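Enquirer: Sequence first, predicted model second:
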Amino acid sequence: MKNVNTIHSVNKPNGKGFIRIIKATHCSYKGVIAAWQHESAFRQELIMSIILLPFAVVLSSSISHLFLLISSLVFILFAEIINSALEALADAVTLDHNILIGRAKDMGSAAVFIALGLFSAVWGYAIYSYSF
């Protein structure tokens, strides 16, 4: 029987220590590029976030408020990448109708919807506060 430590190191293709951090960062970069290339929703939300970033500075009443405005934008991108990853994995498993895969895709979509709801509330309040 193999030693558990041996099995663990075999299943870690990116290595250990600082080299693993570099390789993991490269994988993350490839993920963002893949999202940009293959997901129009991600492209739209990233462009929206870039456009709204200067408005966050104008609308914010404090550093913590600015952080909240920017975080709501980042949260949309996070949710979209997770949703896109779920959809890609589900499509790789099967393109046939499957109730559980459909449920997983719907839940991923719900995550994006929640992120957009949070964004709307945070930015809506900021715009209201700035205006009145």
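Expert: Alright, I've got the coordinates.
Enquirer: which residues touch Gln44?
Expert: Gln44 is in contact with no residue at all, counting by Cβ atoms under 8 Å, 6 or more residues apart in numbering. All C-beta spots, glycine's among them, are computed from the backbone N, C-alpha and C.
Enquirer: can you pull the buried residues of the one helix or strand it maps to?
Expert: Using DSSP states H and E, Gln44 falls within helix 40-59. Using 16 or more other Cβ atoms under 10 Å as the test for burial, helix 40-59 gives 42, 45-46, 49, 52, 56, 59.
Enquirer: want to try CSV for those, with distance to Met107 and pLDDT as columns?
Expert: Listed next are the buried residues of helix 40-59 as CSV, based on distance: Cβ to Cβ, whole Å; pLDDT from 0 to 100:
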residue, distance to Met107, pLDDT
Phe42, 18, 98
Glu45, 18, 98
Leu46, 22, 98
Ser49, 23, 98
Leu52, 27, 98
Ala56, 29, 98
Leu59, 32, 97
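Enquirer: In contact with Thr94, which residues are there?
Expert: Ile101.
Enquirer: Flag every buried residue along the single longest helix found in the chain.
Expert: The longest helix of the chain (DSSP state H) is helix 99-131. Buried residues in helix 99-131, counting neighbours by 16+ other Cβ under 10 Å, are found at 101, 104-105, 108-109, 111-112, 115-116, 118-119, 122-123, 126.
Enquirer: quick check, nearest of these to Ala34?
Expert: Ala34 lies nearest to Gly108 out of the buried residues of helix 99-131, by Cβ to Cβ, at 15.9 Å.
Enquirer: Thr25 and Ala35, how far apart?
Expert: Counting by Cβ to Cβ, to the nearest Å, the gap from Thr25 to Ala35 is 16 Å.
Enquirer: Oh, that last question was meant for Ile99, not what I typed.
Expert: With Cβ to Cβ as the criterion, Ile99 and Ala35 are 27 Å apart.
Enquirer: do Phe67 as well
Expert: Applying Cβ to Cβ to Phe67 and Ala35 gives a distance of 24 Å.
Enquirer: Give me the below-cutoff pLDDT ranges for the protein.
Expert: Applying pLDDT under 70 to the chain flags residues 1-12.
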